Structures are given as structure tokens and as C-alpha cells.
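J.: model the structure of this input:
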Amino acid sequence: MRLIVMGQQAFGKDCLAKLLDAGTDEVVAVYCEPDHDGRPADPIKEFALEKGLAVHQPANFTDADTLATLAGHDADLMIMAFVNLFVPEAARDTPRRGSICFHPSLLPLHRGPSAVNWPIIMGATKSGFSWFYPNDGLDEGDSLMQWECEIGPDDTVIDLYFKKIYPAAVNSVLEICNIFRAGNPPHIVPDEAQATYERRCLKKHAHIDWNKPVGQVYDLIRGTNPAPGAWTTLDGAEVQVFDCARIPGDGVSSKVVDVSEDGVTVQLIGGRILIKRVRPAGAGKIPAADWAASAGLSVGDVLGT
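T.: Prediction:
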């Protein structure tokens, strides 16, 4: 098949590399976002140029010349791997077999831009990814295939996405091509009654309330690790909280109950959290014990003040 690969960043690059290494299909063009002033070139762009592929970076897909160029590639299928730009129907339907798009959730759950963060924050026990036939809605359309994985009780975004979803999704791009090549690819119709739409997970959503149940706070911390990073304050100074452990214990919530080489232990409702790694404002990530020493933190202090 003749393929157009549309994507960005490392995921788009690795999907493209997987297709080129297999050599079963011909990649006739690569599409990615326009360059941004002051930022390095997108990895998929650099890789595509190294491989001698045609690279296009239109600002939109409504311009007649852009659509004509897209049609001129005479593609069978467009693979949309990590795409932020809106791609309208006229562009999606240009290849003979249309377009297929990746999303890191079990659609129709967690439609939206932070689909890896929110399942962890919400305490879900499973996630995965979908390849779907996009329409003009937000991550809407029938799915071609879905892959499911467990969210472990201590999994962070790094564990769920980079260790589980990412490698399986890159490998699956070859399976996607095989399904289309075989003919009559399936359409899994979503149950819209189960659909959820999540906003982008931002700093304001990652603020820690130490007076909440320990499970909720622990899920928030691991669901925002490494980005956007959960955060709290000490005497008005912000500090981001990353690697942690949930441990048993009773006491007055929000108070520091232990400071040791292992880190800073904070009491919550129904249990405690041992903070192991933090990032003070304007600094890099450091062990929580080092932060406690530099900030003069001691047992009995209250976080979030």
C-alpha cells in the first residue's frame, strides 16, 4: 500500500521508523506540524528528511492547494499518529482507504488531550489505546482495533504510557496495515452512553489538597507524574511532588509526620504518603530529604500553607 504518515514527536517518528523497517508498504509522504520559532525541528520531520521522504507542514487542511498536494500523493491510507491539528473530512477521505488515527485510551472513554493522565487520576484499573476512523468530532468515530492493559496501583504516567502503551502502539502500526491490506477492516461502533470527554490536565488540576483521602491524593500525584506535576506549598513557596509511596498510618491530615533519608511523610485521611522526589520552584528535581533540609521542614509542619 501507499501510505501517508501524519504525526509528530517521538511517537510519530517511531511509527514511521517501524513502517520503513518493515518495508512492506511504501511511505509516499510525511505530514507534521509547522515549525515553531525557537524550537528544534520535530523528530519525525528530521527523521523523514534523513530518509529522503517528502515532508509537508501545512498550517491547516482547508486550503485548496494543500488538499491538491495531499491528493497528488495517490495514497491508499493515511496513518495519523499523534496529531494535534484538526484534519477535516475532505483531507481524511483523500486516500483510497481513508484515514486511521491513534488515541491513547479505550475509546469512547477519555476523549481529549490528556487521555493518559485522567484514568490514573480517577483511580481506573485499566487503560490502553485505540486506532479509530476519525470524524469531525473530538476523538469520535468507530474503532478499528483496541488494546487493553492494566493500570497497576503504583503506576505513574511514565509506567502506563512509556512502558506499556507506547511500545505496544508502535508495534501495532504494522498490524493496522495488515488489516487494511487483507480487506474489509472492522468497525467497532462506540457505545456513546459510556463516552467521557476530559479537558487538558493543567497545573490548576494538579494542586494537592492534603485534607482529602489518601487514595485520591496518591492517584493525583502519580497521574500527573511527570507532567504537569502535582504541587503543593510550604510557607507560600511552591514545590512539585513526583515519586511517592502510599503507606499506612493515622493522624491529623496535612501534617508532616516524619522526615528521614527516605523522604517526607505526610498524613492524609485514611493513610500517609511518603514523598521521595520533588522539584522546588526554580530548581531541578531533588530527593525530598534534601528539600526538607534546605527548606527547614520538620515534623508537625503543615503542607499546603
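
J.: the domain parsing of this protein - what is it?
T.: 2-194, 203-295 (automatic domain parsing).

J.: averaged pLDDT, the first one. What do you get?
T.: Averaging pLDDT along domain 2-194 gives 96.

J.: same check on stretch 224-231?
T.: On average, the pLDDT along stretch 224-231 is 98.

J.: show me which residues of the longest helix seen in the chain are buried.
T.: Ranked by residue count, the top helix of the chain under DSSP state H comes out as helix 166-182. Under the neighbour-count criterion of 16 or more other Cβ atoms under 10 Å, helix 166-182 has Tyr166, Ala169, Val170, Ser172, Val173, Leu174, Ile176, Cys177, Ile179, Phe180 buried. Glycine gets a C-beta too; all of them are placed from N, C-alpha and C.

J.: so which residue is smack in the middle of the protein?
T.: The centre of the chain sits closest to Val116, judged by Cα atoms, centre = their mean, with a distance of 4.7 Å.

J.: just give the closest residue to that residue, not the sequence neighbours.
T.: Tyr161 (4.6 Å; Cβ to Cβ, 6 or more residues apart in numbering).

J.: for Glu26, same thing?
T.: Of all residues not flanking Glu26 in the chain, Arg2 sits nearest, at 5.3 Å (Cβ to Cβ, 6+ apart).

J.: same thing with Gly249?
T.: Excluding its sequence neighbours, the residue lying closest to Gly249 (Cβ to Cβ, 6+ apart) is Arg272, at 4.1 Å.

J.: wait, a strand at that neighbour?
T.: Yes. Arg272 sits within a strand when classified using DSSP: H, G, I helix; E, B strand; the rest coil.

J.: mind listing what it touches?
T.: Going by Cβ atoms under 8 Å, 6 or more residues apart in numbering, Arg272 touches Val214, Arg246, Ile247, Pro248, Gly249, Gly251, Val257, Thr265, Val266.

J.: which among these end up buried?
T.: Among those, those classed as buried by neighbour count (16+ other Cβ under 10 Å) are Val214, Arg246, Gly249, Val257, Thr265, Val266.

J.: elements contacting the helix or strand hosting Leu3?
T.: Element membership for Leu3, per DSSP states H and E: strand 2-7. Here strand 2-7 touches helix 9-22, strand 26-31, helix 43-50, strand 77-81, going by 3 or more Cβ pairs under 8 Å, 6 or more residues apart in numbering; DSSP states H and E.
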